[in-house]
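> sequence and predicted structure are below.
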Amino acid sequence: MTRKYFGTDGIRGKVGVAPITPDFVLKLGWAAGRVLARHSQGSRTRNLVIIGKDTRISGYMFESALEAGLVAAGLDVTLLGPMPTPAVAYLTRTFHAAAGIVISASHNPFDDNGIKFFSSRGTKLPDELEREIEAEMDAPMQTCDSRGLGKVTRMLDAEGRYIEYCKSTFPLDANLDGLRIVVDCAHGATYKVAPAVFAELGATVIELGIEPDGFNINQDSGSTAPEGLARAVREHRADLGIALDGDGDRLICVDDSGALVDGDELLYIIAAEQQRATGVCGGVVGTLMSNLGMEVALRELGIPFARARVGDRYVLEMMEEKGWRLGGESSGHIICRDVTTTGDGIVSALRVLAAICASGQSLRALRSRVTKFPQTMINVRVARRTDIGGNATIGDAVRAVERALGDRGRVLLRPSGTEPVIRVMVEGHDAVQVEQHARELADVVRSAAA
């Protein structure tokens, strides 16, 4: 059974356009409540769902709709207010809740929104449960007897709990005294907690993106627009800059020169420090989009590397299969499985900062050990679903580029799981050749999808 509503990262879309409408989210809350109540019977989890959100103006509307649906199904609800996605995962685990729900569209603009679920373990909801929820959506909505309705509370100390958790992942024998850090919170869910974490560990923090107004989340700020962060690092002569996205599960950095340090380079830095500190890293899971340069650099350290499908849920699945503790994506979703169950921008930043403290080297020096292959990715927006693998014209074009690159490059075409786009990626040693091939392939895909 294919899923009708759930994508790779929950349900996401334009606010007011099905399925991101109040009536749908009300029914979704009820359907999820019914399914979760069934699975909670006889288990150690509580009949409780924890809800957090980012700073989008539509979050209030969907929070109320979810709350009503869950209560109507007989589940209790605890509201966190604006909190990072990984904080919801953490608090779901620590409160032994049946599930956690995040109202967010991550790095997308303010007029998008979405609903994503965490299991009682703080991991993405299993596919089987998502299918059960979708099946329940087809049933007529029925409200519990008044005696069986759920209750709603608000967690007033959620920020403090999460701040202390983040700090607990940093080495006890280290601190950030003397470091000058620019932190860009993208006017999103980390706007209060992220600066506090780094400041309480001793850093001098210059804050950006901490004035959310419901409309400016991710606007010219955060991990998808790090240019302002780079300027601020240079202006303030900071040691480095940290950029988070709207819901706080993604990390991108810039070094003291303002140069971008992406998820692949950050993964390498964290892995290399684990190898140095413990003598063994185990292995690193990347994705089909991970740069070949990182794979080569890890190989030189003797650290195994494997590629999962794009999407942090698939990265985590492969990490669990292999028993590895570290994985992530080029976009900055990094999972440190020894301390958390999902991508966490603040925790990942602390791991990078721990490597800086332990080595006594700058971020610029640590990232210099990775020589990245030139990589060009073009997002081709499409109006209709296109079968990439079954299209002969696209297939011929891909094979022609692969022949031209030989064993010194690769091609990847894949549909986005969250947007109506096809991602065209070409990677190789020659930057000019790579860009030319990517543009040619993008034109072929654009024509085929017209």
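Cool, got the structure. This structure is a prediction, so every number in the text was calculated from the model and none was measured. Residues are numbered from 1 along each chain as shown.
> what count of nearby residues applies to Ser257?
12 (other C-beta atoms under 10 Å). Placement of C-beta: from N, CA and C, glycine included.
> the helix or strand of the chain with the lowest mean pLDDT pairs with which strands?
Least confident helix or strand, the chain: strand 409-415 with a mean of 89, by mean pLDDT, DSSP states H and E. Strand pairing for strand 409-415, determined by DSSP bridges: strand 421-428 (antiparallel).
> residues touching the strand it pairs with, excluding its own?
289, 291-292, 373-382, 386, 388, 401, 405, 408-416, 434-435, 437-438, 441-442, 445, 449 (C-beta atoms under 8 Å, 6 or more residues apart in numbering).
> related to what we said a few turns ago, alpha carbons only: can I get the least confident helix or strand of the chain in CSV?
Extracted as CSV, the C-alpha positions of strand 409-415 are listed here (Å, rounded to 0.1, in the frame of the first residue of the first chain):
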residue,chain,number,x,y,z
GLY,A,409,32.6,11.3,-11.5
ARG,A,410,28.9,10.3,-11.1
VAL,A,411,25.4,11.4,-12.0
LEU,A,412,22.3,11.4,-9.8
LEU,A,413,18.7,12.3,-10.7
ARG,A,414,16.0,12.0,-8.1
PRO,A,415,12.6,13.5,-7.3
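> chain center to it: distance?
On the basis of C-alpha atoms, centre = their mean, to the nearest Å, strand 409-415 sits 21 Å off its chain's mean C-alpha point.
> quick one: Pro171 from Leu353, how far?
10 Å (C-beta to C-beta, to the nearest Å).
> who has more neighbours, those two?
Neighbour comparison, Pro171 and Leu353: the larger count goes to Leu353, with 25 against 13 (by other C-beta under 10 Å).
> which strand or helix spans that one?
helix 345-359 (DSSP states H and E).
> by contact count, what packs against that helix?
helix 85-94, helix 158-168, helix 193-200, strand 240-244, strand 251-254, helix 263-278, strand 334-336, helix 363-367 (3 or more C-beta pairs under 8 Å, 6 or more residues apart in numbering; DSSP states H and E).
> export the ones you listed as a markdown table, with columns for mean neighbour count.
Shown next, in a markdown table, are those (neighbours: other C-beta atoms under 10 Å):
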| stretch | mean neighbour count |
| --- | --- |
| helix 85-94 | 26 |
| helix 158-168 | 18 |
| helix 193-200 | 21 |
| strand 240-244 | 30 |
| strand 251-254 | 28 |
| helix 263-278 | 22 |
| strand 334-336 | 25 |
| helix 363-367 | 19 |
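> would you list those in CSV and tack on distance to Leu36 and mean pLDDT?
As requested, these are exported to CSV (distance: least, C-beta to C-beta, whole Å; pLDDT from 0 to 100):
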stretch, distance to Leu36, mean pLDDT
helix 85-94, 12, 98
helix 158-168, 21, 98
helix 193-200, 27, 98
strand 240-244, 29, 98
strand 251-254, 31, 98
helix 263-278, 32, 96
strand 334-336, 24, 97
helix 363-367, 42, 98
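> redo these as TSV? Include distance to Thr342.
As requested, the helices and strands packed on helix 345-359 are arranged in TSV below (distance: least, C-beta to C-beta, whole Å):
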stretch	distance to Thr342
helix 85-94	5
helix 158-168	13
helix 193-200	16
strand 240-244	14
strand 251-254	13
helix 263-278	15
strand 334-336	6
helix 363-367	24
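> wait, which of these is closest to Ala306?
With respect to Ala306, and counting by C-beta to C-beta, the nearest of those is helix 263-278 at 12.5 Å.
> run the chain-centre distance for the closest one.
Between the centre of helix 263-278 and the centre of its chain there are 19 Å (C-alpha atoms, centre = their mean).
> cool, thanks, talk later.
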